[in-house]
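# need a 3D model of the sequence below.
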Amino acid sequence: MLSFLKEEGVSSELLEKLAQFRTDNPTELPERVPVPQFHYYGREVWEQAIAALLCGKNLLLTGGKATGKNVLAENLAAVFGRPAWNVSFHVNLDASGLVGTDTFTEGQVRFRPGPVYQCAQHGGFGILDEINMAKNEALAVLHAVLDFRRVLDIPGYDRLPMAPAARFIATMNYGYAGTRELNEALASRFVVIQMPAISPENLDRLLKHRCPELKQKYRQQFVSLFFDLQKKCEGGEISSKALDLRGLLDALELMAAGVPSGPALDMGITNKTADGYEQGLIRDVMAARVSPKLTRGELFGP
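Predicted structure coming up:
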């Protein structure tokens, strides 16, 4: 990952500080350090995020769909060499789901630590996914963890200081069903990066990295297809369900496995909307860029 950051043009001064951080904070749990399948592309965002974490800040990554928030969060845990715990927020998540709860084991009541407790104990990176989907009452437990106190109080047990290397990276989308405005007290405890949309150049690099055997002319067509769908979404002609970068990557993997291009794109993108009229619009956009009858032999190879 460090060599990748050099290729991205990340500041050598930041990379030196990052290497020193890794030396000063060896991990006890190397098996929990992520090994990313995808790289995040974007030097400016990388530099902002690394600088913030080196300063001891917690990050809030905001932005629309397909901007790489979760990819960046996982990449950051990897480059810092920290064990990571993922928390997927929902309306029924309570404080015990974050901190831990009592459990009955071997005839005794014992404390079973949650992800926030383990981050505090092991100096891990807590990735708080869709943080604005949780109830404010559940998130209140994070206040002392995220501010200058850096401590976790476990009622009936102990007061746990945060390990020096521990950080939290939260992600949130605006406008998704079930989301709400983030509590002001909680928001003030993060520094915020507004994630930019992926550029055509970086999407081309992502597809090349993920599907190295995909012929260049078709790779460029799939890049153009993604941005055609983006324009249609921005214009309100189709819903954001069609703007699915994960779905595009899934479709390419299906094509590599032998599924023709049309059915593969339907499985990865088109069928995620149930509206037949919208499906027709999406297929029209796709057919203008990519023939639905392309085979693996045509798409992949030297």
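# dihedrals phi and psi, the closest residue to residue 89 other than its chain neighbours?
Distances taken as CB to CB, 6 or more residues apart in numbering place residue 134 nearest to residue 89, at 4.0 Å, with adjacent residues excluded. Every C-beta, even on glycine, is put in place using the N, C-alpha and C of the backbone. In terms of degrees, to the nearest 10, the main-chain angles of residue 134 are phi -90, psi 160.
# ok, now which ones touch residue 134?
By CB atoms under 8 Å, 6 or more residues apart in numbering, the contact list for residue 134 reads 89-91, 93.
# how about residue 267?
For residue 267, the contact set (CB under 8 Å, 6+ apart) comprises 250-251, 254, 259.
# pipe those into JSON lines and attach distance to residue 275 per row.
Shown next, in JSON lines, are the contacts of residue 267 (distance: CB to CB, whole Å):
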{"residue": "250", "distance to residue 275": "21"}
{"residue": "251", "distance to residue 275": "19"}
{"residue": "254", "distance to residue 275": "23"}
{"residue": "259", "distance to residue 275": "23"}
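# buried ones in the host helix or strand of residue 278?
Per DSSP states H and E, residue 278 falls inside helix 276-289. Buried residues in helix 276-289, counted by 16 or more other CB atoms under 10 Å: 278-279, 281-283, 285-286, 289.
# do stretch 234-247 as well
238, 240-245, 247.
# report the distance from it to the chain centre.
In terms of CA atoms, centre = their mean, to the nearest Å, the centre of stretch 234-247 is set 18 Å apart from its chain centre.
# identify all contacting residues around the helix or strand following the helix holding residue 278.
Sequence order places helix 296-299 as the next helix or strand after helix 276-289, per DSSP H and E. Contacts of helix 296-299 with the rest of the structure, by CB under 8 Å, 6+ apart, involve 214-215, 218, 255-258, 261.
# tell me the average confidence for helix 296-299?
Averaged over helix 296-299, pLDDT sits at 93.
# cool, and stretch 194-213?
The model assigns stretch 194-213 a mean pLDDT of 91.
# first to last residue in that stretch, what's the distance?
End-to-end span of stretch 194-213 (CA to CA, to the nearest Å): 33 Å.
# try stretch 109-121
By CA to CA, the extent of stretch 109-121 from end to end equals 21 Å.
# so what's the residue positioned nearest the centre of the chain up against?
For the chain, residue 70 is the residue whose C-alpha lies nearest the centre (CA atoms, centre = their mean; 0.3 Å). Contacts for residue 70 (CB under 8 Å, 6+ apart) come out as 127, 129, 171.
# between the residues you listed, which has the most around it?
Counting neighbours by other CB atoms under 10 Å, residue 127 comes out on top of the contacts of residue 70 with 27 neighbours.
# which strands and helices lie in contact with the helix or strand encompassing residue 121?
In this structure, residue 121 sits in helix 115-122 according to DSSP H and E. Applying 3 or more CB pairs under 8 Å, 6 or more residues apart in numbering; DSSP states H and E, we find helix 115-122 packed against strand 84-88, helix 95-99, strand 125-129, strand 151-153, strand 159-161.
# circling back: just the buried members of the contacts of helix 296-299?
In the contacts of helix 296-299, burial by neighbour count holds for 214, 218, 255-256, 261, counting by 16+ other CB under 10 Å.
# which of those fall within helices?
Using DSSP state H, the members of these that fall within helices are 218, 255-256, 261.
# in a markdown table, list the residues you listed along with distance to residue 210 and pLDDT.
Putting those into a markdown table (distance: CB to CB, whole Å; pLDDT from 0 to 100) gives the following:
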| residue | distance to residue 210 | pLDDT |
| --- | --- | --- |
| 218 | 13 | 93 |
| 255 | 12 | 94 |
| 256 | 10 | 93 |
| 261 | 16 | 94 |
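# quick check, nearest of the residues you listed to residue 145?
Using CB to CB, residue 256 comes nearest to residue 145 of these, at 43.1 Å.
# what sits closest to residue 218 if chain neighbours are left out?
With sequence-adjacent residues excluded and distances taken as CB to CB, 6+ apart, residue 218 is closest to residue 299, at 5.3 Å.
# now the buried ones among the contacts of helix 296-299 in TSV, with distance to residue 102?
Below are these laid out as TSV (distance: CB to CB, whole Å):
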residue	distance to residue 102
214	52
218	56
255	50
256	48
261	54
